[in-house]
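1. Here is the input, now give the coordinates:
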Amino acid sequence: MKKNVVSHLMILVVVLMLALSACAPVATPTAAPAPTNPPAVQPTAVPPTAVPPTAVPATAVPATAVPQPTATAVPPTVAPTAAPTIPPAACAPIAKPITPAAGALGSPDKPITITFVPSGDTGKLTPVATDIADCLTKMTGLTFGISFGTSFGASIESMGAGKAQVGFLNTFSVLLAEAKYGIVPVLANERAYATVPGIDPDAALAGQLEPYYKAEFLANAASGIKTFADLKGKTFCFVDPNSTSGYIVPRIILKAKGFNPDTDFKATVNAGSHPNVAIAVYKGDCDAGVAYIDIRTDATANLIATYPDIMTKVQVFAVSDRIPNDGVQVVKDFPADYTAALTEALLSMNGDPGGNALIKNLYNVNKFIPIDKTFYDPFAAVLKAAGVDPSTMVK
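-> Predicted structure coming up:
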């Protein structure tokens, strides 16, 4: 029995040894880490060669040729706007040009003088005024020259003394010259009407060409000013003593309402221009002021670009009655046929692009319209109702 057991044990030992020797080779695969090197090298090599489907992106993006359309689209927008800028005035002769006798008014040796008020930069206005005079000479057969007054009053006195026979006077100067020297208004200017909805009863006229405009009374929103009565004891900005809508008319309105502009304000300031009035009111330098309507949104002044909240901080609490625009006047003894020729020529410039550009560049005139000598009478009545006699105000 013991022999059998021993033999069985021997067999088991042999079997175990064989099993262990069979398992031993499994350890050799630990050399398998070597294969991890090749795979690690190969993946990095593959992406660079696989990614460059460079042909696809490179040809796809440029193929759209996007830059070409933009390059050809830009020039056309520039060319059309540049071409029709300011055509030359046609200056076509009127139906019946006049040929004055040698030495007579309107002849080359005795030209008709047009006086212009210095309401802007005379250095810039003079070439425009000269072009207008030259155009009128070609159109009427009469010879025209120009002069600029050193002041508004100087232009008036030039007509009164017979040194100038035609005037391009501002509204207030028209009244003064009419009262003192009997000058005759023959044309008025039309401009696009500006307004303040909710305050101006003529708000429906916005943008239409009209022969009149208005003044507006402005107040700083923090001042508490809502009516004329609230102005007492406040600081007030005017434009300039020669300004129709920024001085003359507002003072008449204030007096008509029982307000003394010389004593009832805490202080008054002549700001020098309409935009300056609005800016002073905006900043609180003046509690209130007056300017032409509507200085806050006027495209030329463009105050809203610098003061985007000006519509909130500067309020309009009143507007004036209609103020007639400026225009063209002649002395009282100007020959009737000369007046007819002059007005016909100026009116024809309305429809000529070049001629219209000339009058637009002078005093921002959109067009001329014929008027009779009573055109300014209602405005003169306003002055007189306020106790103002224009003839006594000419210096």
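
2. Excluding chain neighbours, give the residue nearest to L105 in space.
-> I112 (6.3 Å; C-beta to C-beta, 6 or more residues apart in numbering). In this view, the C-beta of every residue, glycine as well, is placed from N, C-alpha and C.

3. same deal with V388?
-> I252 (6.3 Å).

4. how many neighbours does the one you found have?
-> Applying other C-beta atoms under 10 Å, we find 21 residues neighbouring I252.

5. Next up, phi/psi of it, please.
-> phi -60, psi -40 (degrees, to the nearest 10).

6. List the residues that contact T297.
-> A194, I304, M311 (C-beta atoms under 8 Å, 6 or more residues apart in numbering).

7. pretty sure the second one is touching R296, no?
-> Yes. Using C-beta atoms under 8 Å, I304 is in contact with R296, at 6.8 Å.

8. Who has more neighbours out of the two?
-> Set I304 next to R296 and count neighbours by other C-beta under 10 Å: R296 wins out with 23 against 14.

9. Name the residues contacting each of I304 and R296.
-> With C-beta under 8 Å, 6+ apart as the test, I304 and R296 both reach I310, M311.

10. SS state for V249?
-> Assigned with DSSP: H, G, I helix; E, B strand; the rest coil, V249 falls in the helix class.

11. Which residue ranges of the stretch 151-300 of the chain form strands?
-> 166-168, 184-192, 209-210, 212-213, 215-220, 235-238, 267-270, 288-292 (DSSP state E, counting those that start in this stretch).

12. right, and those strands - which one's nearest R322?
-> strand 212-213 (4.2 Å; C-beta to C-beta).

13. Can you list the strands that the closest one pairs with?
-> When pairing is defined by DSSP bridges, strand 212-213 lines up against strand 323-324 (antiparallel).

14. following the strand it pairs with, which helix or strand comes up?
-> strand 327-330 (DSSP states H and E).

15. Let me see the mean pLDDT of that next one.
-> Per-residue pLDDT over strand 327-330 has a mean of 98.

16. Ok, stretch 274-290 next?
-> 95.

17. buried sites along that stretch?
-> By neighbour count on 16 or more other C-beta atoms under 10 Å, the buried set for stretch 274-290 is 274-282, 285-290.

18. Which of those sits closest to V186?
-> Using C-beta to C-beta, those come closest to V186 at H274, 27.6 Å.

19. Can you list the low-confidence ranges for this protein?
-> 1-84, 120-121, 300, 391, 393-395 (pLDDT under 70).
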